[in-house]
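Q: Provided below are the primary sequence and the corresponding predicted coordinates.
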Amino acid sequence: MQYVKLNTNESPFPPSPAVIRAAEAEAERLNLYCDPECTELRQRAAALFGVGPENLLPVNGSDEILYFAFLAFCDENMPLAFPDISYGFYPVYADFLHIPSVIIPLREDFSIDPADYIGLHKNIIIANPNAPTGISLSAAQVEEIVRSNPDNVVIIDEAYVDFGGESCVPLIHRYDNLLVTQTFSKSRSLAGGRLGFGIACEALIRDLNAVKYSVNPYNVNRMTQAAGAAAIDDNAYYMENCVTIAKNRDDTAEALRSMGFRVLPSCSNFLFAESPDITGEDLYLSLKKRGVLVRHFRKERIENFVRITVGTREQMDLLLKNIRAILHERGDIK
Ligand code: PMP
């Protein structure tokens, strides 16, 4: 069966033609190691993010910068705080590295209460927008958290920021304890290329580079460095795609609400939704049988939800058609 894949928050749009050409051209040089410093890519990315090349560490997907940061800044005596419902890799890396976790519950409405993180005196990681909820904090709220924890590192994971969040990258010039992470996997159609960035003051980037050069100096391969640089040159194409996704997201949310779903207010490229008429697991399984993959989490508080990646208009129409049919079969929609 050819599945409609709405389960891992990829972009439904292909890389731009220039990105494909750049990767193909680099393939001819695969006999040579790549530039470990990613010089060209860092220069272009510096202009994109409004920072200096010394503020950037390109990585093999943003998962890698999270791993480097956990290794660099946390240990048995330096716990890490994060929300109870957030990106699944935070507790996985923390457990793997024996880092004690301080788990802070989201509010009833699944938003983060910034007050929980003010003056916490612990290292902190927050996805903003959060995943899988899609709910965002403002940059001003994040700034308060960063400002009130001056002796700890605050990591802001901006994997989904391009779909409607407010980036905290400009704050790195004022706070030496802030690490922002971004990825080209979502908004820039490069999930398979594996490209992410750590963005921070020069001293934090130096620490992270110390980890990188002890683990994997050639972490971003030749084709991906070239593809990333070309993607930055084609930024307008990618930002247009983000606008399309945001529109599809809002229209899909409205259609789901009209079917009785509770849909959390998403600033990302996915929706987190629950129906009063069908459990999250049943909806996930029924959609899968019909060839549509969404994500279900067997986890307290959110087991009745499904997370739906926002795709093209056609994919969203197909999703809604199938949900309608599933509810109809059960007699929940007349
Ligand atoms: N952070 C969050 C919140 C994510 O959802 C993801 C994607 N699974 C990542 C980081 C990592 O993405 P990547 O390694 O592809 O950059």
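A: Structure received. Since we're looking at a predicted model, the values are computed, not measured.

Q: Can you report phi and psi for the nearest residue to residue 138 once chain neighbours are set aside?
A: Using CB to CB, 6 or more residues apart in numbering and skipping residues adjacent in sequence, the residue nearest residue 138 is residue 166, 5.6 Å away. All C-beta spots, glycine's among them, are computed from the backbone N, C-alpha and C. Main-chain torsions, residue 166, degrees, to the nearest 10: phi -110, psi 120.

Q: Just the endpoints, please. Distance across stretch 150-166?
A: Taking CA to CA, to the nearest Å, the first and last residues of stretch 150-166 lie 22 Å apart.

Q: Tell me which stretches of the stretch 201-334 of the chain form strands.
A: Taking DSSP state E, counting those that start in this stretch, the strands of the stretch 201-334 of the chain run over residues 262-263, 270-274, 292-293, 295-296, 305-309.

Q: Show the pLDDT at the residue nearest to residue 138.
A: If you check residue 166, the pLDDT there is 98.

Q: who touches it in this structure?
A: Applying CB atoms under 8 Å, 6 or more residues apart in numbering, we find residue 166 in contact with 136, 138-139.

Q: Next: residue 309.
A: Contact analysis of residue 309 by CB under 8 Å, 6+ apart lists 5-10, 269-270, 294-295.

Q: Of these, grab the buried ones for ChimeraX.
A: Selection of the buried residues among these in ChimeraX, burial being defined by 16 or more other CB atoms under 10 Å:
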select :6,7,9,10,269,270,294,295
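
Q: Just the contacts of residue 309: which are in helices?
A: In helices, judged by DSSP state H, none of the contacts of residue 309 are found.

Q: So the host helix or strand of residue 124, near the ligand or not?
A: Element membership of residue 124 [criterion: DSSP states H and E] is strand 123-127. Yes - applying CB under 6 Å from any ligand atom, one finds strand 123-127 in contact with the ligand at residue 127.

Q: Which strands and helices lie in contact with the very next helix or strand once past that strand?
A: Scanning forward in sequence from strand 123-127 by DSSP H and E, the next helix or strand is helix 139-147. Judged by 3 or more CB pairs under 8 Å, 6 or more residues apart in numbering; DSSP states H and E, helix 139-147 is in contact with strand 123-127, strand 154-157.

Q: how far does helix 139-147 sit from the chain's center?
A: Relative to its parent chain, helix 139-147 has a centroid offset of 19 Å by CA atoms, centre = their mean, to the nearest Å.

Q: how much does that helix deviate in direction from strand 123-127?
A: 160 degrees (axes from the mean of the first three to the mean of the last three CA atoms, to 10 degrees).

Q: Contact partners for the residue of the stretch 1-150 of the chain found nearest the ligand?
A: The nearest approach of the stretch 1-150 of the chain to the ligand comes at residue 61, 2.9 Å away (CB to the nearest ligand atom). Residues near residue 61 by CB under 8 Å, 6+ apart: 183, 185, 194-196.

Q: Neighbour-wise, give me the winner out of the residues you listed.
A: Most neighbours among those, by other CB atoms under 10 Å: residue 195, with 28 neighbours.

Q: That one against residue 221, yeah?
A: No - taking contacts as CB atoms under 8 Å, residue 195 lies outside contact range of residue 221: 9.6 Å.

Q: just to revisit the earlier point, please identify the most buried of the strands of the stretch 201-334 of the chain.
A: Comparing the strands of the stretch 201-334 of the chain by mean neighbour count (mean count of other CB atoms under 10 Å), strand 305-309 ranks first with a mean of 28.

Q: Give the pairing partners of it; include direction for each.
A: Strands adjacent to strand 305-309 in the sheet, as given by DSSP bridges, are strand 270-274 (antiparallel), strand 295-296 (antiparallel).

Q: Please name whichever of those is nearest to the ligand.
A: Ranking the strands paired with strand 305-309 by distance to the ligand, with CB to the nearest ligand atom as the measure, places strand 270-274 first at 8.8 Å.

Q: Touching that closest one from outside, list them.
A: Here strand 270-274 makes contact (CB under 8 Å, 6+ apart) with 9, 110, 131-134, 160, 249, 252-253, 256, 261-264, 266, 280, 302, 304-310.

Q: Keep the residues you listed, but drop any that are not near the ligand.
A: Here is what survives when the contacts of strand 270-274 are matched to the ligand using CB under 6 Å from any ligand atom: residue 131.
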